[in-house]
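>>> Coordinates for the following, if possible.
(one chain, ligands or ions: 1)
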Amino acid sequence: MNDVQLGGTRIIPVVALPDAGLALDLGQALWAGGIRTIEITLRTPAALAAIATLAEQSDLLVGAGTVLTAEQVELAVEAGAKYILSPGFSSTVVRRCQEVGVPVIPGIATATELQAALEAGVTTVKFFPAEQLGGPAGIRALSGPFGQVKFVPTGGVSLANLAGYLAEPAVLAVGASWLAAPDLLASGDFAEITRRSTAAVEVAAR
Ligand SMILES: O=C(O)C(=O)C[C@H](O)[C@H](O)COP(=O)(O)O
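Predicted coordinates for the structure are as follows:
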């Protein structure tokens, strides 16, 4: 599975890319800041083209996010996505990922959903929306009965609370949009994306 790679810098920038033409500059800006993976959400029409560009022309480990259907799994994998994330748990999405042989990180928000994920053969889950669900303490509570599970908290993770999440042994990596925030992408401020990446990677390395 991609745990080893995701566990590298432990930070996954979550990006809704307005224009696939920004993909390479974005990839370079993140890489320069020490980031080694990216989640491109299938929330914009540019997503699949951006995944293809980065999969072919960058060294980033490219994941596809907001994958809600089996068809989207296929499209994302065809485009070059190396792992799949969903905001919630769908046994249909998970099954198709398993059939295709691509690692999947479905979202869970409750113990019931986590049990469903385990039953489906998943042991790495997205914890979404992390801050609203109790943050690191919420993850710690779920880790009690589910000690074998690794979490990727996403939703409300910032530079200010990053260290708290990464200090949890059950946290594989965090997902967050502030590194490549929509306003930075809109204004083409790639230098700031590198600055934010550098700052986050520095916190993760402590
Ligand atoms: O679409 C998905 O699959 C998601 O994960 C939803 C959000 O884009 C992330 O949770 C980012 O949240 P923020 O870092 O708080 O902006």
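>>> neighbours around Thr112, how many?
By other CB atoms under 10 Å, the residues close to Thr112 number 10. Quick note: C-beta positions are derived from backbone N, CA and C, even for glycine.
>>> State the three-state secondary structure for it.
Per DSSP: H, G, I helix; E, B strand; the rest coil, the local secondary structure of Thr112 is helix.
>>> Helices of the chain, residue ranges please.
With DSSP state H, the ranges of helices along the chain come out as 3-6, 23-32, 47-57, 70-79, 91-100, 111-119, 135-143, 162-166, 182-187, 190-205.
>>> So which residues make contact with the second one?
Translated: helix 23-32. When contacts are defined by CB atoms under 8 Å, 6 or more residues apart in numbering, helix 23-32 is touched by residues 13, 15, 17, 38, 46, 49-50, 53-54, 57-60, 179-180, 185, 188, 190-191, 193-194, 197.
>>> Give the rounded mean pLDDT of it.
Average pLDDT, helix 23-32: 98.
>>> got the angle between that helix and helix 47-57?
Interaxial angle of helix 23-32 relative to helix 47-57 (axes from the mean of the first three to the mean of the last three CA atoms, to 10 degrees): 60 degrees.
>>> list the buried ones in helix 23-32?
Ala23, Leu26, Gly27, Gln28, Ala29, Leu30, Trp31 (16 or more other CB atoms under 10 Å).
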